[in-house]
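Chemist: 3D, please:
(2 chains)
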Amino acid sequence: MAKPHGKELSDAELETLFAASDAEAPLPSGDLIARIMADAEDARPLAPAKAEPEARPLFAGLWAALGGAAGVTGLGAAVATGLVIGIFPPDLLMSYAEVLTGANVTLTDYVPGLALDLAGGAFDG
Amino acid sequence: MALDAMSEVSDEALLVLYANGDATAARSLTLRLAPRIFAHAQRLLRDRAEAEDVTQEALLRLWKIAPTWRQGEAKVTTWLYRVTANLCTDRLRKVRPQGLDAAPEVPDGAATAAEGMIDRARAEALDRALAALPDRQRQAVLLRHIEGLGNPEIAEIMDISVEAVESLTARGKRALAADLGRRRAELGFYDG
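Modeler: The predicted model follows:
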């Protein structure tokens, strides 16, 4: 038997109407979507720029790689020492040491470990 | 980022991506949000051109606020529904200066529930019945029963208490049930 006309809709019947309304939802036009996207593009913030590696002169990079002024000073001293040792023969260095110290010196006076190393060696006899 | 890769990304995260210059995020947000906002505005205003303008304006405001958007403070949809409601209220105030809650003229005559067109007829009947509700009741009912939002979110959108939302939706539903009850036969509601 049909319900009498004029009786309120039940919650379930109302839900049916809501579902029908949702299914029939009005859709935006393609033109509206295009306008919204154009607005978005106009208002779009710029992407933050990526940090470019700083261009540095070759010698600046080398200077930094060597440790700056302190590193280069130390390196210079080491090079100079190497040159002296390489150019002048050991006998001359010993004579120079005798002049400086006023004593008869040997290499083992300056390098004690050498004496230990040579203790049982070919030069010990 | 590709559009299809964004289907699982939240609205809030997409907005942050957009704020960082990602154009694809804006496209994804538009396709996701514009239909919902437009449908809601159309139901509130019952005017397609006005609803389109409101939708465009609401989303424009979203694009502009994106750089200062603070994640975790609000949902994008809540913010958008709120902006949309305010824009619609402003427009309704202009066309109905006598008051927001004055009921609009409802066209007489019922929709014909032709065979195969029942959903359409039901949607149209509901639309007319909704239009007869006071604005605040209509808005609350739409957000609750069409958009499917929870009462706390509706309260935030409408800037009222949850209890006030419950009261508005309850009164709105009662009015709809009574109004549409007079047309139950043409809407295809029968026992057994």
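
Chemist: how many other residues sit next to the one residue in chain A that gets nearest to chain B?
Modeler: Distances between chain A and chain B by CB to the nearest CB are smallest at A:A47, namely 3.0 Å. All C-beta spots, glycine's among them, are computed from the backbone N, C-alpha and C. For A:A47, the neighbour count with other CB atoms under 10 Å in any protein chain shown is 10.

Chemist: Would you mind confirming that B:L62 is in contact with B:L14?
Modeler: No - counting by CB atoms under 8 Å, B:L62 does not reach B:L14; the two are 10.6 Å apart.

Chemist: ok, those two, which is more surrounded?
Modeler: B:L62 (26 against 23).

Chemist: Find the nearest non-adjacent residue to that one, please.
Modeler: Closest residue to B:L62 apart from its sequence neighbours, by CB to CB, 6 or more residues apart in numbering or on different chains: B:L80 at 6.2 Å.

Chemist: repeat for B:R138
Modeler: B:L130 (5.2 Å).

Chemist: so what's that neighbour up against?
Modeler: B:43, B:138, B:141-142, B:176 (CB atoms under 8 Å, 6 or more residues apart in numbering or on different chains).

Chemist: tell me the centre residue of chain B?
Modeler: B:H40 (2.6 Å; CA atoms, centre = their mean).

Chemist: So that one sits against B:L142, correct?
Modeler: Yes - between B:H40 and B:L142 there is a contact at 6.5 Å, judged by CB under 8 Å.

Chemist: and B:L126, how far is that from B:R120?
Modeler: 11 Å (CB to CB, to the nearest Å).

Chemist: which residues do these two both contact?
Modeler: Listed contacts common to B:L126 and B:R120 are A:A20; contacts here mean CB under 8 Å, 6+ apart.

Chemist: B:P35 touches A:G30, doesn't it?
Modeler: No - B:P35 lies out of contact with A:G30 (CB under 8 Å); the separation is 11.8 Å.

Chemist: and those two? which has more neighbours close in?
Modeler: It is B:P35, of B:P35 and A:G30, that has more neighbours when counted by other CB under 10 Å, with 17 against 8.
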